[in-house]
Each structure stands twice: as structure tokens, then as C-alpha cells.
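**Student:** task: produce atomic coordinates for the following.
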Amino acid sequence: MDELRRYLAIVRKDLRVEFRTREILYTTTLFALLLVVIFAFAFLSDPAKSRDYGPGIVWVTVLFATTVGQNRLFDRERENDCLWALLLSPAAPSTVFLAKATAQIAFALLMQIPTILLILVFFDLRVTDPLAFVGALALGNVALGLVGTLFAAMLMNSRMKEVLLPLVTYPLFVPVVIAGVKVTAVAIGAPIAEDPEVWLRFLAGFDMIFAVVTVALFGRMVRA
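**Tutor:** Residues are numbered from 1 along each chain as shown. Predicted coordinates:
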């Protein structure tokens, strides 16, 4: 119960600070909206094929905008070595990591909800399987949040973290994006022969494996 209270305190702190400054939310939302506008002008010349490239647009937007937010996730902790203060507090390193990952996932979802709605409207996409659609986004965001938070903490003092973070994380994100695109394509009625349950199980397994790995590695990688 003590660790749960510490976890909730860190999450509330991050959410409260972000809603006061809105630095991450404004940055990621504007970036995501810009991507949607660019894709709309690039692909709306043939609306009949919107179901073919719509899932890719959804996940490219999710991936790029999430990475932009992860670059700034530990900016405040970098000042005056505040991350070390968190690690020296009674909260366990795993609690700190899970709290930061939860805040990052919350920021990503707040950005993605209006952005994905705009994509659905602009490209006239109809979600025929909302459970699979929402499930893929939820599981995918957990995967992106866990891996991205770990490497964002590791690279927070790097001078070129904006370049290094995508280079390190994108190879790990590729399976998540592929699975998300497959499920999203089925969910919007694209003419492909895929079983969404297989890909959803893959995403769930990815989340469970990397939840254990990232929690175990966080304290060691940050202190290295």
C-alpha cells in the first residue's frame, strides 16, 4: 500500500505539472495535427483507397507524436538531478518507472483521442470492430510507453537525445506498429484476411515481457 501511494503521488505530480504548463501536450498535439493535415492533402486524391492506407496513417501519427513526447518526459527531472532525488526517496525504482510510464501513456492518449477522431473523419473511415480498435491502441500505447520511458530516462542527459531516442527505440517499436496496423485494418473493414485476436495476443505478450524487462532494467540503466 505504501508503494501504491508513492506511485499515485508521482503520477499526480506529473499530471498536475503538465496540465499547468501543457508543454508536452501542446508539442505532441500540434505535431500530430500537422501530420494529419499533411496526410490528408497527400492521400485524399483517391478516397476509395482510404481503408488501405488509413491504418498506416493512424499508427505513424501515434508513433511519431509519442516519440516527441518521450523526448521531454524527463526534462524536469534532469534539472538539479531531481531524478536522483526520486531514486533516493522511499519509492522503489520500479515504482518511479511505472509512475513515469503511466504519465507518459496518459499524455499520449490525451493527444491521440482527438487526432484519431480527425483521421477517421477526414478519411471517412468507419470502425466496424471498436473493441479490436481500442484494444490495439491501448496495448500498443502500453508497449510504446514502457520501452520509450526506459530509454528516455537512460538518454535524458545526452546532448543528442532527440536523435538518439528514435534510433534506439524504433527497431523495438516495429513489431508493435505492424501488429497495430493489422488489427486496425481489420477493425475498419479493410479487405484483408487477418485474425485480429492473434495480433492482439501478440501485443499483450509483448507488453507482459517488456513490463518485466523494463522494470528490472530501469534502476540499473539510470544509475549506470
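**Student:** residues contacting stretch 124-139, please?
**Tutor:** Around stretch 124-139, the neighbours that count as contacts under CB atoms under 8 Å, 6 or more residues apart in numbering are 47, 50-51, 54, 62, 112, 116, 119-120, 179-180, 183-184, 186-189, 196, 199-200, 203-204, 206-207. In short, each C-beta sits where N, CA and C put it, glycine included.
**Student:** hmm, which of those residues are the buried ones?
**Tutor:** By neighbour count, with 16 or more other CB atoms under 10 Å, the contacts of stretch 124-139 hold 50-51, 54, 62, 112, 116, 119-120, 179-180, 183-184, 186-188, 196, 199-200, 203, 206-207 as buried.
**Student:** filter the residues you listed down to the ones in helices?
**Tutor:** The members of the buried ones among the contacts of stretch 124-139 that map onto helices under DSSP state H are 50-51, 54, 62, 112, 116, 119-120, 179-180, 183-184, 186-187, 196, 199-200, 203, 206-207.
**Student:** could you say which helix or strand holds the residue nearest to V183 when sequence neighbours are not counted?
**Tutor:** The spatially closest residue to V183, leaving aside those adjacent along the chain, is A136, at 3.8 Å (CB to CB, 6 or more residues apart in numbering). A136 is located in helix 130-154, with elements delineated by DSSP states H and E.
**Student:** ditto for L34
**Tutor:** With the criterion set as DSSP H and E, the secondary-structure element containing L34 is helix 23-43.
**Student:** so what does that helix touch, helix or strand wise?
**Tutor:** The elements that helix 23-43 packs onto, with contact taken as 3 or more CB pairs under 8 Å, 6 or more residues apart in numbering; DSSP states H and E, are helix 50-71, helix 93-122.
**Student:** highest average neighbour count across these?
**Tutor:** For the helices and strands packed on helix 23-43, the largest average neighbour count (mean count of other CB atoms under 10 Å) is found in helix 50-71, namely a mean of 22.
**Student:** that one: what's the following helix or strand?
**Tutor:** helix 75-78.
**Student:** run the chain-centre distance for that following helix.
**Tutor:** Taking the mean C-alpha point of helix 75-78 and that of its whole chain, the gap between them comes to 19 Å (CA atoms, centre = their mean, to the nearest Å).
**Student:** same check, this time on stretch 163-175
**Tutor:** The chain centroid and the centroid of stretch 163-175 are separated by 12 Å under CA atoms, centre = their mean.
**Student:** what residue ranges in this protein score low on pLDDT?
**Tutor:** Counting by pLDDT under 70, the ranges of the chain that qualify are 1, 44-48, 79-81, 223-224.
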